[in-house]
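> Need coordinates for the below:
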Amino acid sequence: MSGVGTAYQAQDDGVEDETVESGEVYWEGQFLAFSAGAENASEVWEVREVSDGDVGGLVTEVLLDGSGSATVGTSGLDGEYVILNEAGDPVAFENGTATGQVGVNQAAWEVASQTLEASFSDVAVSNDDSADAQTQLELESNRAGYDFQLFSDNLTSEQLADVFSDVELQDGEAVSTRNTSDSAALEANFSGVEPGTYTVAVASSDGAARDSATITVSEPVDGTVSLANATVSEQRGDVARFNLTFEGTDRTTVTLGSENVGYLARFDVVDEDEDGEATVEVNTYQAGLSADDSGISAVGEDRVEGYQLQTDPVPDRLDAATYPIRTFAGGEQTTTGSLILNEPSIDGVQVWTAPGAESPETASELADVVTQDDDIAADDWAVIQIQASGVYGYVENISDLNDNETGLSMTLMRGMEMNIAETEVPIDNATMLADEENDQLFLVFDAADFDRDTSYGANFTVTEANPYVSADNASSYTANFSVVERTASIDEPLEVAASSDATVSGTSSVAPGTDLEVQVESTGANPFFERQTVTVEEGGTWEASFDLSGVPNGTEFTASVADPAANATGVVVTDDGAEDAEETETTEAEETDEEETTTEETTTEDDADDEEETTAEDEADAEDETQVEDDAEAETTTDEDAEDEDAADEGDEADETTTEDEVAVVSAPGFGPVALLLAGVLALAGAALATRRR
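The predicted structure follows:
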């Protein structure tokens with residue numbers, strides 16, 4: 001972690017800390033002395049890296065003095081090194097004296113880089129004489145037995161020596177009076193220190209290792225600060241918000257995160273407008289990336305100040321995890337909460353419409369007037385809804401929806417029909433409204449700018465370039481819609497009652513929620529004029545009611561819609577007219593019933609005649625059967641009687657035949673042979689009849 005800006009003089013004046021000895025480990029920043037003897041005076045020797053057991057690149061050249069001695073600085077070194085004589089041979093050293101030429105491994109020595117981490121055990125302390133003014137400065141290092149110094153932009157060296165134990169003023173510097181182990185804690189007491197936020201830097205005496213820690217000193221207060229929403233849940237990449245409530249104070253120190261999660265930020269929140277409340281915003285897309293850009297701010301007149309990143313910057317973006325929130329007032333912790341970050345998601349794209357007369361300026365206003373529809377009437381609003389979370393920390397303008405660095409792409413294409421060339425439509429003219437609370441973005445287009453009777457396709461794509469997306473979960477979503485003419489129609493046939501709520505209805509292609517002016521007018525013997533403003537319902541239907549009570553039955557009128565234009569002719573029907581219509585229907589029904597009854601009676605009579613004819617035929621058949629029986633009995637009579645009967649029958653048949661022939665001739669004049677044939681048929685029929693009558 002970077003230290004404070006105060007400059008200080010490390011041991012860079014050539015005074016040696018150690019002497020070179022092959023096989024030893026030294027710490028970066030130390031100065032190493034060696035001697036090669038007077039016989040090598042004024043020669044130029046080299047310090048080189050050791051790489052894979054061989055002599056490597058040059059680090060520096062050193063000029064031996066008149067006694068053959070020199071000092072080597074180790075600032076910036078980390079690894080194995082070797083000193084070569086003027087002939088280029090590795091030289092071994094013991095207690096700083098050259099002992100002869102040897103192999104690389106026997107001559108090499110090592111420089112290590114010291115690590116150092118400093119932190120206060122308390123975030124805030126008071127400046128009174130109580131135990132609340134006391135804390136510890138904790139130091140962690142990979143080096144033991146080192147000296148250190150303290151520096152601060154806000155506290156003098158004398159004040160530092162007063163605050164910290166085992167530190168005293170030496171040559172104007174606050175210097176430790178003991179060698180520090182790899183893990184140490186310095187007692188500190190901030191009694192009498194002016195209220196404020198202080199950063200204290202710790203540096204090893206050889207200047208190679210340093211770190212800093214921050215603490216807030218406050219006057220004791222009776223007030224307290226609490227979290228209005230102790231648990232906050234948000235998606236990575238979004239802006240998280242938590243609310244603070246102040247009582248008896250207008251300032252608090254806040255810490256967000258912890259060492260355990262690799263992100264710890266501390267800052268002060270000031271209730272500048274003194275309303276007892278403050279809202280803190282944390283842009284999780286920016287937070288933790290650097291010590292300079294906190295990504296943390298306050299809403300309105302309130303402010304955030306004294307930001308410090310207590311851990312190293314995060315390598316990418318804050319991970320999904322739980323980050324503790326703590327507040328402090330007067331040096332005491334007052335409350336704790338947590339910020340829970342979840343993984344973001346992209347859920348799809350949908351199309352909505354809104355009346356062109358509306359002018360929504362916020363997402364909530366838009367949500368009150370939109371209806372889901374993929375047929376958009378010209379001059380209405382075409383609304384593209386992107387359902388997404390984890391984008392509101394870096395999507396502020398429409399241009400942010402097309403950004404290679406964030407991996408977002410938003411396009412609108414014209415001509416989605418088959419075999420139609422697609423062309424891209426610029427989206428710059430759209431208005432973007434964000435609804436972070438419900439994880440949705442709206443792009444609002446004026447459909448008047450689009451072509452009528454044309455299809456469009458909106459596509460939203462998130463690629464693996466996005467910091468929250470991998471190659472496995474990159475996604476793309478498309479929604480299509482068409483722009484149609486503004487039309488209206490009136491339901492027909494149009495017959496309305498002469499009542500106080502005579503109803504005229506119809507449909508329209510405009511967006512639901514659009515107001516239409518509907519009027520009815522009659523200019524005949526009974527003129528009237530009525531106008532109503534109606535609202536188009538979901539599904540495109542509308543309905544208007546008029547007071548037409550007292551209008552005579554049969555009065556014709558015209559119904560019309562102003563914009564979009566539509567008209568139809570209708571008629572008013574009164575209750576009397578309705579009764580007349582019912583009587584007419586009843587009369588027609590009765591006549592129909594009478595006709596059906598008459599038809600049935602006629603049918604019944606015909607059926608009776610048929611039955612009588614059938615009965616007569618049956619009786620004739622019975623007579624024929626009786627005649628057969630009589631003939632059978634007649635066979636037993638004498639031949640004489642039979643001859644007499646035959647003679648009599650022949651006389652009768654002759655008379656009947658003559659009569660039939662005469663009728664046939666008279667009935668069929670001029671038909672020649674056909675008439676004769678018909679006469680023959682009639683004669684045979686007559687003979688048969690004569691036989692039946694016997």
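
> which sections of this structure are below the confidence cut-off?
Across the chain, the ranges flagged by pLDDT under 70 are 1-16, 416-417, 576-694.

> Domain map for it?
With domains defined by automatic domain parsing, the chain comprises 18-112, 116-218, 224-342, 350-484, 488-573, 639-693.

> Can you add mean neighbour count and give the ones you listed back as CSV?
Any C-beta I mention is one placed from the backbone N, CA and C, and that applies to glycine too. As requested, these are exported to CSV (neighbours: other CB atoms under 10 Å):
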stretch, mean neighbour count
domain 18-112, 17
domain 116-218, 18
domain 224-342, 18
domain 350-484, 17
domain 488-573, 17
domain 639-693, 13
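
> List the contacts of the nearest residue to Asn179 once chain neighbours are set aside.
Closest residue in space to Asn179, ignoring its immediate chain neighbours: Gly145 at 4.5 Å, by CB to CB, 6 or more residues apart in numbering. Gly145 makes contact with 179-181, according to CB atoms under 8 Å, 6 or more residues apart in numbering.

> of all these, which comes closest to Gly288?
The nearest member of the contacts of Gly145 to Gly288, counting by CB to CB, is Thr180 at 29.6 Å.

> Can you show me the strands along the stretch 51-200 of the chain?
54-63, 69-73, 79-84, 91-94, 97-101, 109-112, 116-120, 124-126, 134-141, 148-152, 167-170, 173-176, 183-189, 196-204 (DSSP state E, counting those that start in this stretch).

> so how far is the longest one from its chain's centroid?
How far strand 54-63 lies from its chain's middle: 60 Å, per CA atoms, centre = their mean, to the nearest Å.

> go on, the fourth one?
For strand 91-94, the distance between its averaged C-alpha position and the chain's averaged C-alpha position is 70 Å (CA atoms, centre = their mean).

> Look up the residues forming beta bridges with the residue nearest to Glu556 when sequence neighbours are not counted.
Among residues not flanking Glu556 along the chain, Val571 sits closest, at 5.3 Å (CB to CB, 6+ apart). Beta bridges link Val571 to Glu495, Glu556, judged by DSSP bridges.

> I figured Val571 hits Leu494, correct?
Yes: Val571 lies in contact with Leu494 (CB atoms under 8 Å); the separation is 7.3 Å.

> circling back to that earlier point, okay, the strands of the stretch 51-200 of the chain in a markdown table with distance to Leu318 next?
Supplementary listing: the strands of the stretch 51-200 of the chain in a markdown table, determined by distance: least, CB to CB, whole Å:
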| stretch | distance to Leu318 |
| --- | --- |
| strand 54-63 | 39 |
| strand 69-73 | 40 |
| strand 79-84 | 34 |
| strand 91-94 | 50 |
| strand 97-101 | 55 |
| strand 109-112 | 32 |
| strand 116-120 | 20 |
| strand 124-126 | 24 |
| strand 134-141 | 24 |
| strand 148-152 | 30 |
| strand 167-170 | 36 |
| strand 173-176 | 36 |
| strand 183-189 | 29 |
| strand 196-204 | 23 |
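
> right, so of these, which gets closest to Val254?
strand 124-126 (10.0 Å).

> Parallel or antiparallel, list what pairs with the closest one.
Under the rule (DSSP bridges), strand 124-126 has strand 210-218 (parallel) as partners.

> Quick one: distance of the strand it pairs with to the chain centre.
Distance, centroid of strand 210-218 to centroid of chain: 42 Å (CA atoms, centre = their mean).

> now swap in stretch 560-575 and tell me
44 Å.

> Tabulate the CA atom coordinates of it in PDB.
Extracted in PDB, the C-alpha atoms of stretch 560-575 (Å, rounded to 0.1, in the frame of the first residue of the first chain):
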ATOM      1  CA  SER A 560     -67.700   9.400 -35.800                       C
ATOM      2  CA  VAL A 561     -64.200   9.300 -34.300                       C
ATOM      3  CA  ALA A 562     -62.000  12.500 -34.900                       C
ATOM      4  CA  ASP A 563     -58.500  11.100 -34.900                       C
ATOM      5  CA  PRO A 564     -57.900   8.500 -36.300                       C
ATOM      6  CA  ALA A 565     -60.900   9.200 -38.500                       C
ATOM      7  CA  ALA A 566     -63.800   6.700 -38.600                       C
ATOM      8  CA  ASN A 567     -67.600   7.000 -39.100                       C
ATOM      9  CA  ALA A 568     -70.700   4.900 -39.300                       C
ATOM     10  CA  THR A 569     -74.500   5.400 -39.700                       C
ATOM     11  CA  GLY A 570     -76.800   4.100 -37.000                       C
ATOM     12  CA  VAL A 571     -80.400   4.200 -35.800                       C
ATOM     13  CA  VAL A 572     -82.100   4.900 -32.400                       C
ATOM     14  CA  VAL A 573     -84.500   2.200 -31.200                       C
ATOM     15  CA  THR A 574     -87.000   3.200 -28.400                       C
ATOM     16  CA  ASP A 575     -88.700   0.800 -26.100                       C
END
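
> which residues are in contact with that stretch?
Identification of contacts with stretch 560-575 by CB under 8 Å, 6+ apart yields 485-490, 492-498, 502, 504, 506, 508-510, 516-522, 548, 551-559, 581.

> re earlier: can you give me the distance of the residue nearest to Glu556 to Gln532?
For Val571, the distance to Gln532 (CB to CB, to the nearest Å) stands at 19 Å.

> Same check on Val483?
Distance from Val483 to Gln532, by CB to CB: 29 Å.

> For Ile325, which non-adjacent residue is spatially closest?
Gly337 (4.3 Å).

> ok, that neighbour - contacts?
Listed by CB under 8 Å, 6+ apart, the contact set of Gly337 reads 227, 229-232, 242, 324-326.

> Turn those into TSV, including secondary structure and distance to Glu110.
TSV is the format used below for the contacts of Gly337 (DSSP: H, G, I helix; E, B strand; the rest coil; distance: CB to CB, whole Å):
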residue	secondary structure	distance to Glu110
Leu227	strand	51
Asn229	coil	54
Ala230	coil	51
Thr231	strand	50
Val232	strand	49
Phe242	strand	49
Pro324	strand	40
Ile325	strand	44
Arg326	strand	42
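
> any chance of the residues you listed in JSON lines, plus distance to Thr60?
Compiled in JSON lines, these are given as follows (distance: CB to CB, whole Å):
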{"residue": "Leu227", "distance to Thr60": "56"}
{"residue": "Asn229", "distance to Thr60": "59"}
{"residue": "Ala230", "distance to Thr60": "58"}
{"residue": "Thr231", "distance to Thr60": "57"}
{"residue": "Val232", "distance to Thr60": "54"}
{"residue": "Phe242", "distance to Thr60": "54"}
{"residue": "Pro324", "distance to Thr60": "48"}
{"residue": "Ile325", "distance to Thr60": "50"}
{"residue": "Arg326", "distance to Thr60": "49"}
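
> quick check, nearest of those to Phe445?
Distances from Phe445 to these, taken as CB to CB, are shortest for Val232 (34.4 Å).
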